[in-house]
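Visitor: how does the following fold in three dimensions:
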Amino acid sequence: MEIYQHNVTLNNGEQTSLEQYKGKVLLIVNTASKCGFTPQYEGLEALYKKHNEAGFEILGFPCDQFGHQEPGSDEDIAQFCSLNFGVTFPLFKKTEVNGPNASPLFVELKNKAPGLLGSKRIKWNFTKFLVNAEGKVLKRYAPTAKPADIEADILKLLN
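Guide: Model (predicted):
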């Protein structure tokens, strides 16, 4: 399945297709508001503001599967991200990334960019997937990878 064939739901409940991001470099991230990595929202937003006009998008998928670190409603999450980190990149409905109810998008991302030792499972919040402008999933970054550390890889794809 091509990445653009996935339908997803924005955090306001609006259904959309990833088709609208065709031709853009994507960083797809599972996020959480009460995680040790939550301050990465700031770095993600900085990357987004810096490179969005050049064809870069960040897609944030809040997830409550790791230590119950995303307990709020979709509305609470959007408000938290906006107030605390000025997030303007798209946030989607709370999503499961592992297990039997995992989003088909994340199943595909995990299959195309496995983790260490070929592991498919996402281990924690703020796992990031880099997708090129043709929709090819290129790389998975661990939660510890800071957004600024990914910038060079993004720039290679934008040029």
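Visitor: look at the nearest residue to residue 139 once chain neighbours are set aside and give its secondary structure.
Guide: Here the nearest residue to residue 139 in space, its sequence neighbours aside, is residue 130; by Cβ to Cβ, 6 or more residues apart in numbering that works out to 4.6 Å. Every C-beta, even on glycine, is put in place using the N, C-alpha and C of the backbone. Remark: residue 130 carries the secondary structure label strand [criterion: DSSP: H, G, I helix; E, B strand; the rest coil].
Visitor: correct me, but residue 130 touches residue 150?
Guide: Yes: A contact is recorded between residue 130 and residue 150 when judged using Cβ atoms under 8 Å, the distance being 6.9 Å.
Visitor: find the residues that touch each one of these two.
Guide: Common contacts of residue 130 and residue 150 (Cβ atoms under 8 Å, 6 or more residues apart in numbering): 27, 141.
Visitor: list the buried ones in the helix or strand hosting residue 110?
Guide: Following DSSP states H and E, one finds residue 110 within helix 104-112. The neighbour-count criterion (16 or more other Cβ atoms under 10 Å) identifies 105-106, 108-110 as the buried residues of helix 104-112.
Visitor: for that helix, which outside residues touch it?
Guide: Contact with helix 104-112 is made by 1, 3, 6, 8, 18, 28, 30, 61, 95-98, 120-122, 129, 136-137, 140, as judged by Cβ under 8 Å, 6+ apart.
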